[in-house]
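Asker: only the shape, not the letters, is given here:
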């Protein structure tokens with residue numbers, strides 16, 4: 001169940017290219033950031049100092065995602081989400097050690113694969 005929650009949370013944050021009418025109501029930015037941070041504490045074994053910094057990064061990113069969701073042009077929205085993710089990755093790279101950052105990228109890659117599979121399944125239905 002924790003893995004499902006973590007995957008769902010990360011998928012919501014990493015990609016929001018679904019049409020507005022298809023999208024379910026998202027939890028508030030702070031709540032999403034806290035869930036993400038908790039998952040990252042567990043999966044990446046963050047120190048308390050790292051956890052505080054990661055939480056701030058997650059909160060900023062979640063608020064930016066909320067604003068980006070209002071963008072109607074698909075290409076602009078895509079570029080904005082990509083920018084948010086790149087900024088977040090840069091910030092996390094400064095906070096996490098090499099092992100943690102490598103693990104973060106591995107998890108992120110697995111989530112992208114899962115999301116692509118989910119999209120493919122949704123298109124075929």
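Answerer: Thanks, I have the structure now. These numbers were taken from a predicted model, which means no experiment stands behind them.
Asker: what residues sit buried inside stretch 114-125?
Answerer: Neighbour counts over stretch 114-125 (16 or more other C-beta atoms under 10 Å) mark residue 115 as buried. C-beta: built from backbone N, CA, C; applies to glycine.
Asker: er, stretch 46-65 I mean
Answerer: The neighbour-count check on stretch 46-65 (16+ other C-beta under 10 Å) flags 46, 50-51, 53-55, 57-65 as buried.
Asker: among those residues, name the ones in helices.
Answerer: Secondary structure from DSSP state H places 50-51, 53-55, 57-65 of the buried residues of stretch 46-65 in helices.
Asker: can you lay out the residues you listed as TSV showing distance to residue 78?
Answerer: TSV is the format used below for those (distance: C-beta to C-beta, whole Å):
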residue	distance to residue 78
50	30
51	30
53	28
54	25
55	26
57	21
58	21
59	23
60	20
61	16
62	18
63	19
64	14
65	13
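Asker: let me see the confidence value for residue 7.
Answerer: Looking at residue 7, its pLDDT is 53.
Asker: ok, now residue 22?
Answerer: Model confidence at residue 22 (pLDDT) stands at 48.
Asker: now the one helix or strand residue 75 maps to: buried residues?
Answerer: In this structure, residue 75 sits in helix 74-95 according to DSSP states H and E. Going by neighbour count (16+ other C-beta under 10 Å), the buried part of helix 74-95 is 77, 80, 81, 84, 85, 88, 91, 92, 95.
Asker: so which elements touch it?
Answerer: helix 48-68, helix 98-124 (3 or more C-beta pairs under 8 Å, 6 or more residues apart in numbering; DSSP states H and E).
Asker: now it against helix 48-68, angle please.
Answerer: Using axes from the mean of the first three to the mean of the last three C-alpha atoms, to 10 degrees, the direction of helix 74-95 lies 170 degrees away from that of helix 48-68.
Asker: pretty sure residue 87 contacts residue 58?
Answerer: No. The pair residue 87 / residue 58 is not scored as a contact, 11.9 Å apart, by C-beta atoms under 8 Å.
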